[in-house]
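Student: After the sequence you'll find the predicted model.
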Amino acid sequence: MDRPDRLNGPDRPERADGADSHGRRRNPYQLTEETPVYVISVAAQLSGLHPQTLRQYDRLGLVSPDRAAGRGRRYSARDIELLRQVQQLSQDEGINLAGIKRIIELENQVAALQARVAELAASVEGAAVAMRQREAQVHASYRRDLVPYQDVQQTSALVVWRPKRPTD
């Protein structure tokens, strides 16, 4: 479950420029796992659930499909997979629907945090590269001809200093 923004379909963030959440331009005619194409009867068959169960899951916020222009539900391949996961948690694991909803929310939160950590790590790496480049530029700009290095000999000579007396 790697989609942090799919718990509630209508509340998904959408970009005005037609790009996906990663900033990539989408082809409006390309079918992806996120493309809502299945009506409720087909989604019910594919998931092995009754259409009324899908409506109940939608009301509870477990799986919220997109809506067509006539307000009909449209399920994506990811929605079908999520329906199967909900069914498996409910039937095989004995988890109630409130627990399943919390599990889905937490999985989405973990996925969002993992994406943010990856984004921040890339940002830190970019800043480190920029810092190393700037450091190399600074070192390259040193002028080595201003003060030639000479080895100074250490001696044990004693120098006496007497201040000048003011002349009156």
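Tutor: Perfect, thanks for sending it. Computed from a predicted model, the values in this text were never measured in an experiment. Residues are numbered from 1 along each chain as shown.
Student: wait, doesn't Pro65 sit right on Tyr75?
Tutor: Yes. Between Pro65 and Tyr75 there is a contact at 4.5 Å, judged by CB atoms under 8 Å. The C-beta positions use only the backbone N, C-alpha and C, and glycine is treated the same way.
Student: in which helix or strand would I find Gln150?
Tutor: Of the helices and strands defined by DSSP states H and E, none includes Gln150.
Student: okay, Gln109: pLDDT?
Tutor: pLDDT, Gln109: 96.
Student: tally of neighbours for it?
Tutor: By other CB atoms under 10 Å, 12 other residues sit near Gln109.
Student: what does Arg132 give?
Tutor: So Arg132, with other CB under 10 Å, has 10 neighbours.
Student: Can you classify it as helix, strand or coil?
Tutor: Arg132 falls in the helix class when you classify it by DSSP: H, G, I helix; E, B strand; the rest coil.
Student: In three-state terms, label the most centrally placed residue in the chain for me.
Tutor: The chain has Ala115 as the residue nearest its centroid, 2.6 Å off, counting by CA atoms, centre = their mean. At Ala115 the chain is in helix, as set by three-state DSSP.
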